[in-house]
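Engineer: just a sequence and a predicted model for now, questions to come.
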Amino acid sequence: MSLKEKLLSSYLAFEDHLGIDSPVHDLRAHAIKNFEDHGFPTKKEESWKYTSLNSLLKKDYSIFPNKENTLELKDVKKYFLHDVDTYKVVFVDGVYSSFLSETTHDGIDVCLLSAALSKDKYKPVIEAYFNQVAKESSLTSLNTAFAKEGAYLYIPKHTEVEKPIEIINFATGNEAAILLQPRNLIVVEENAHVQIIERHQSLSDNAVLTNSVTEIFAEKRAFVDYYKIQNDRESASLIDHTHIKQERDSICKVHTFSFGGKLTRNNLNFYQYGEHCDSVLNGITILEGKQHVDHNTLVHHIAPNCESHQDYKGIFDDNSTGVFNGKVYVEKEAQKLDAFQQNNNILISDKATCNSKPQLEIFADDVKCSHGCTIGQLDEEALFYLRSRGIAKKEARALLMYAFANNVLEGVKIPELKQRINKLIAHKIGVNLGFNL
Amino acid sequence: MGKFTEDDLKKELETKEYEYGFYTDIESETFPVGLDEEIVRAISKKKNEPEWMTDWRLEAFRIWKEMEEPDWANVNYEKPNFQNISYYSAPSTKPKYDSIDEVDPELLETFNKLGISLEEQKKLAGVAVDIVMDSVSVATTFKDTLAEKGIIFCSISEAIQEHPELVKKHIGSVVPRKDNFYAALNSAVFSDGSFCYIPKGVRCPMELSTYFRINQAGTGQFERTLVIADEGSYVSYLEGCTAPSRDENQLHAAVVELIALDDAEIKYSTVQNWFPGDKEGNGGVFNFVTKRGICEKNAKISWTQVETGSAVTWKYPSCVLKGDNSIGEFYSIAVTNNFQQADTGTKMIHLGKNTRSTIISKGISAGKSQNSYRGLVKISPRADNARNFSQCDSLLMGNLCGAHTFPYIEANNKSAQIEHEATTSKIGEDQIFYCNQRGIDTEKAIALIVNGFSKEVLNKLPMEFAVEAQKLLEISLEGSVG
């Protein structure tokens, strides 16, 4: 039985279990239909030209874990941002772990989507926001059909959340292979500020496939700072969909750090509905082995006087493959726009591959849009300069790579997190520079 | 152009006056509409082709039947009904005119409208013109001068008769029959086109030129051009396309194959000004062209194109940089106005070591048109030290048009250096104001600014063409302001 068939038949059981009274029943029914019609994407689809899911789909994933799994805090502590106080929403094999989490209803809601879907008091929010911005693709539909659990964050007007919120999904590996489908809903009301860190972590070498969907709504003057840490094991794959709807004067920043995982696909979509929005998409990708990372971004400019900035840096070693497929779409109403898109790549090994497809689709005339893309190597002369000053080759190379990634790193506004990422990069490049940038 | 002096020209003109003029009568013999094996056979028979050519066409037809029309391009149009097209139209009589008075005045007027009167052509010394009108090559000039050097420049049907070994060896070697839908169609039904062979070490003394036109209503134009530059040779080839107004959509599916052997250089320039449809978007030519060149060691192919016409353009002149140290260049200006749609760009496939490519693309969209750049730069694993630079600039005039950029960059070699840059902007009000202030009216100012915007590419055109191209840019954008 193929994975698609398995999913379709499990849906029936899942549906029975939830009952048809659920407020999102119609959405689910519609979504599963869409998935049934389209199936998993193949390389024949333009947006999946460079990424094949075939090898992933052959595994026999269990769709619902058989039993609840627990984790000891000491085993997973290192995956948290432990030296700073944070709110935490933690899931173990897709099931909420109250023991590891730290949620709140004090002024803001940091809790669970399952609660939001079932309790009446959240009903207006769910009706207004749930599945409103997620673009209908077969994989997001698949997630919607099985949407049950995930983080639910609601930040009311004029609230500044004083500490970062961590959303962490652990996979224990108690199943031979597992498919996880977390669904997050984040609503940031007018003039509210929030910082969020998202992480997916597998704890064993058993296969994990995560098909995650996150919807973010940034109302007027809201500020959202979102960090994605992707440093998973080589047995874990992630297909991540993030859909962000921005209203006027809002600022949304998404920083994606991809250092690990077997196959990572990031679909990051921004929709600017109000004037004077600012969208920032930053990414550092450092890959080795046979890793594959595909960044697929869309910034849809609908309103005038907006800005967007994209900056993706990639360093590819061994047999790794990096894909950047960025699109800036400018509606004819979106005049006076400033959109910038940059993708720089360094290939270190002969067998590494880099495919880049930065696209502009522009229907407005009074705009400033540009993109740049480079693929190259470390500057030999800079390397020579450093070496002539007594810096060993390995360190000199590392320094240059740091410098290459630095302006993306500068955007990280949580100092502890920045330090963490610094360490990750140092580890990834295999040097200890003895300083933090 | 060099060796061909004014005196030579004078002599040429005295002795050969109007000999190369038009054989054309506006009456022409046209095949019934539709396409099947019989029609393919009939075309082949009509052209008195050898059996291998007929078989080659039939094979292409079989491949075509299996294929589907591509729809990935960023263009919308009503797909032509391929069974509703006549696949062959040729002048039925071929009388020789003694003087220009005998030439059909209607035809002369068309030429005059296009600004390429015969006189002008003669005056533009050194331009040998092979006029292809409705698919049949009707005249070739300067053939003797070329023949002296061993250069073969003739229609492809002539080449099939007289140089079958060359044609057989090279046709379909760069653009195989199964390459794409339109290439397969062209391979099956091509009616005529140009053939050019430059022998080893010869530098072609003049610009070779073909003017294509579509003249007969309802006839598809299927040109096939094959240019072979043997080792160490050089040729500059011009292709100009113009068509009189027609109401219904006309189909054009050409194939151009360039072969640059070791150390050879081919410069291929195109000015395309087919009927773009009227202001309401009715009519116009569908231009689905496959152009590709292959570079052997140290060879160079340079594509320059000025695309101002056609309702729908689907065109990607490409370079396969097979030999080490080979160079590919692509310079393009695409102008779209009213309801025109263009999806054009290039492919640079780096296979050899130390290969270099440059892409400069300028897109100008006005009216309600859509203008897309689509390009591929591919560095294969063994293409060490490959280098690419791409720049795509778009200019938008008015808020009803669109400009799009779809670059594909695929690097499989760590020593590759690739840079891609794209910008989109509009003509600044300050720029126009500056011109106005100095007494240049807005329309002229725009022409001036557009010219400056396109200069990098216009400079790459041979002189005579550059003038014409500039004029075309102005005409195409007429009335797009205000």
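Structural biologist: Arrived safely, thanks for sending.
Engineer: okay, how far is it across stretch B:208-224, tip to tip?
Structural biologist: With CA to CA, to the nearest Å applied, stretch B:208-224 spans 16 Å between its terminal residues.
Engineer: pLDDT weak spots in chain A?
Structural biologist: A:19-23, A:66-68, A:432-437 (pLDDT under 70).
Engineer: which residue does the stretch 201-350 of chain A have closest to chain B?
Structural biologist: residue A:347 (3.9 Å; CB to the nearest CB). Glycine gets a C-beta too; all of them are placed from N, C-alpha and C.
Engineer: pretty sure that residue sits against residue B:416.
Structural biologist: Yes. At 6.9 Å, residue A:347 and residue B:416 qualify as touching, with contact defined as CB atoms under 8 Å.
Engineer: where do the contact lists of the two overlap?
Structural biologist: With contacts taken as CB atoms under 8 Å, 6 or more residues apart in numbering or on different chains, the residues that reach both residue A:347 and residue B:416 are A:375-376.
Engineer: in a helix, that's where residue B:434 is, yeah?
Structural biologist: Yes. With DSSP: H, G, I helix; E, B strand; the rest coil as the criterion, residue B:434 is located in a helix.
Engineer: in what helix or strand does the residue positioned nearest the centre of chain B lie?
Structural biologist: Closest to where the C-alpha atoms of chain B average out (CA atoms, centre = their mean) is residue B:270, at 4.5 Å. In this assignment (DSSP states H and E), residue B:270 forms part of strand B:265-273.
Engineer: CA atoms of that strand as PDB?
Structural biologist: What follows is strand B:265-273, C-alpha atoms only, in PDB (Å, rounded to 0.1, in the frame of the first residue of the first chain):
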ATOM      1  CA  GLU B 265      33.300  32.200 -34.500                       C
ATOM      2  CA  ILE B 266      29.700  32.800 -35.400                       C
ATOM      3  CA  LYS B 267      27.900  36.000 -34.700                       C
ATOM      4  CA  TYR B 268      24.200  35.700 -35.300                       C
ATOM      5  CA  SER B 269      22.000  38.800 -35.200                       C
ATOM      6  CA  THR B 270      18.300  38.900 -35.400                       C
ATOM      7  CA  VAL B 271      15.900  41.800 -35.800                       C
ATOM      8  CA  GLN B 272      12.400  40.500 -35.500                       C
ATOM      9  CA  ASN B 273       9.500  42.800 -36.300                       C
END
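Engineer: centre of the chain to that strand, how far?
Structural biologist: Remark: strand B:265-273 is offset 6 Å from the chain centroid, using CA atoms, centre = their mean, to the nearest Å.
Engineer: using the three-state scheme, assign residue B:385.
Structural biologist: Quick answer, by three-state DSSP: residue B:385 is coil.
Engineer: what residues are up against it?
Structural biologist: B:353-354, B:415-417.
Engineer: repeat that with 6 Å
Structural biologist: Shown in contact with residue B:385 (CB atoms under 6 Å, 6 or more residues apart in numbering or on different chains): B:354, B:415.
Engineer: can you pull out the strands in the stretch 1-150 of chain A?
Structural biologist: A:87-92, A:95-96, A:109-112 (DSSP state E, counting those that start in this stretch).
Engineer: dump the residue contacts of residue A:332.
Structural biologist: If you count contacts by CB under 6 Å, 6+ apart, then residue A:332 has A:363-364, B:399 around it.
Engineer: reformat these as a markdown table; add neighbour count.
Structural biologist: Shown next, in a markdown table, are the contacts of residue A:332 (neighbours: other CB atoms under 10 Å in any protein chain shown):
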| residue | neighbour count |
| --- | --- |
| A:363 | 21 |
| A:364 | 24 |
| B:399 | 16 |
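Engineer: between these, which is nearest residue A:83?
Structural biologist: residue A:364 (46.4 Å; CB to CB).
Engineer: contacts for the helix or strand containing residue B:329?
Structural biologist: For residue B:329, the host element (DSSP H and E) is strand B:327-336. Residues from elsewhere that reach strand B:327-336 (CB under 6 Å, 6+ apart): B:300-308, B:319, B:321, B:342, B:344, B:346, B:348, B:356-365, B:369, B:371, B:454, B:457, B:460, B:476.
Engineer: so what does the residue sitting furthest away from the middle of chain A have for phi and psi?
Structural biologist: Within chain A, residue A:388 marks the point farthest from the mean C-alpha position, 41.0 Å out by CA atoms, centre = their mean. With angles defined as degrees, to the nearest 10, residue A:388 sits at phi -70, psi -20.
Engineer: swap in residue A:313?
Structural biologist: Dihedral angles (degrees, to the nearest 10) for residue A:313: phi -110, psi 140.
Engineer: surely it and residue A:345 touch.
Structural biologist: No. In this structure residue A:313 lies outside contact range of residue A:345 using CB atoms under 6 Å: 7.6 Å.
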